[in-house]
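**Q** need the 3D shape of this:
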Amino acid sequence: MTRSPLEVKELSVAYQKKPVLRHISFEIPEGKLIGIVGPNGAGKSTLIKSTLGLIPKLSGDVQIYGKPYKQQRHLIGYVPQRESVDWDFPTNALDVVMMGTYGKLGWFRRPGKLEKKIAMECLDKVGMADFADRQISQLSGGQQQRVFLARALAQDAQLYFMDEPFVGVDAATEKAIIALLNDLKSEGKTVLVVHHDLATVPEYFDWVLMLNVELIGIGPTAEVFTAEMLQRTYGGKLTILKHNQTENTMILS
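**A** Below you'll find the predicted structure:
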């Protein structure tokens, strides 16, 4: 029996006694692109961070392929929000990507020629090979995001968490990112993405997780991403906007 890449049971998180996530339970299938959507303050980034043990849980259990996160860390790739990264740290793009190989090296081995080769291949996949020696502080927002995607690729994970990878990037970078996500899916990888642009949800994601402190719904996008579920998730006034010749439900605040 194949275990779910991610199973969350009764997860609750609070900041200064204020509930941010309340009794979240779900599991996801393997080999899907899954969008995490919800209004500001819904707990989307908190869901990722608590799942990865980056912030404490009040309660609940998280299983990665049937085992606790600490035992499965080597199976996970993570792309944080850009604003959470210290871009003034004195390092170049190649070194950032090589950090993605550390999990498989262990504590006592330093990256060598093989790891550098892997890092360069990953930079090439995201169109950043020519910027390998460039300091990360000298890169544009879209270029920085591509470097962090390359680092995640270098981890050679099975389950990826990406926190708002499309924010602050140009159209070309967004197109490159979604192509990369589809490549990962074609390799049987599972990818969870915090996403804000509701118009592109049906185009980009196989599944959607709709969140507003509590889990509103999760499942195939065609079944879950509906006007009724959006109303429950966001409230507010709904309108229909066209995107790429299809009609998608959107929110007007």
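**Q** show me the contacts for the spatially most central residue of the chain.
**A** The chain has residue 162 as the residue nearest its centroid, 1.6 Å off, counting by CA atoms, centre = their mean. Residue 162 is in contact with 78-79, 149, 152, 191-194, counting by CB atoms under 8 Å, 6 or more residues apart in numbering. Using the backbone N, CA and C atoms, a C-beta is placed for each residue, glycine as well.
**Q** which members of these are positioned in strands?
**A** Using DSSP state E, the subset of the contacts of residue 162 located in strands is 78-79, 191-194.
**Q** let me see the ranges of the strands in the protein.
**A** 6-15, 18-28, 33-37, 59-64, 67-68, 76-79, 159-163, 190-194, 207-212, 214-220, 237-243, 246-252.
**Q** so where's the stretch 101-250 of the chain shaky on pLDDT?
**A** Low-confidence segments of the stretch 101-250 of the chain, defined by pLDDT under 70, are located at 102-112, 236-250.
**Q** my read: residue 88 touches residue 138, true?
**A** No - between residue 88 and residue 138 there is no contact under CB atoms under 8 Å: 10.5 Å.
**Q** just the buried subset of the contacts of residue 162, written out for ChimeraX, thanks.
**A** Restricted to buried positions by 16 or more other CB atoms under 10 Å, the ChimeraX selection for the contacts of residue 162 reads:
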select :78,79,149,152,191,192,193,194
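**Q** okay, the contacts of residue 162 in a markdown table with distance to residue 51 next?
**A** Converted to a markdown table, the contacts of residue 162 look like this (distance: CB to CB, whole Å):
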| residue | distance to residue 51 |
| --- | --- |
| 78 | 10 |
| 79 | 14 |
| 149 | 19 |
| 152 | 16 |
| 191 | 14 |
| 192 | 9 |
| 193 | 14 |
| 194 | 12 |
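**Q** out of the contacts of residue 162, which comes closest to residue 31?
**A** Using CB to CB, residue 191 comes nearest to residue 31 of these, at 9.4 Å.
**Q** and that closest one, what does it touch?
**A** Residues near residue 191 by CB under 8 Å, 6+ apart: 32-34, 159-160, 162, 181, 184-185.
**Q** any chance of these in a markdown table, plus distance to residue 210?
**A** What follows is those, written out as a markdown table (distance: CB to CB, whole Å):
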| residue | distance to residue 210 |
| --- | --- |
| 32 | 15 |
| 33 | 15 |
| 34 | 11 |
| 159 | 20 |
| 160 | 20 |
| 162 | 17 |
| 181 | 19 |
| 184 | 23 |
| 185 | 20 |
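**Q** list the contacts of residue 176.
**A** Neighbour list for residue 176: 126-127, 146 [criterion: CB under 8 Å, 6+ apart].
**Q** any idea how far residue 113 is from it?
**A** As judged by CB to CB, to the nearest Å, residue 176 and residue 113 stand 27 Å apart.
**Q** same check, this time on residue 128
**A** Distance, residue 128 to residue 113, using CB to CB: 20 Å.
**Q** when the two are compared, which one has more neighbours?
**A** residue 128 (23 against 7; other CB atoms under 10 Å).
**Q** once you drop chain neighbours, what's closest to the more buried one?
**A** Nearest in space to residue 128, with sequence neighbours left out and distances taken as CB to CB, 6 or more residues apart in numbering, is residue 146 at 5.0 Å.
**Q** the one you found and residue 126 touch, don't they?
**A** Yes - the pair residue 146 / residue 126 is scored as a contact, 4.2 Å apart, by CB under 8 Å.
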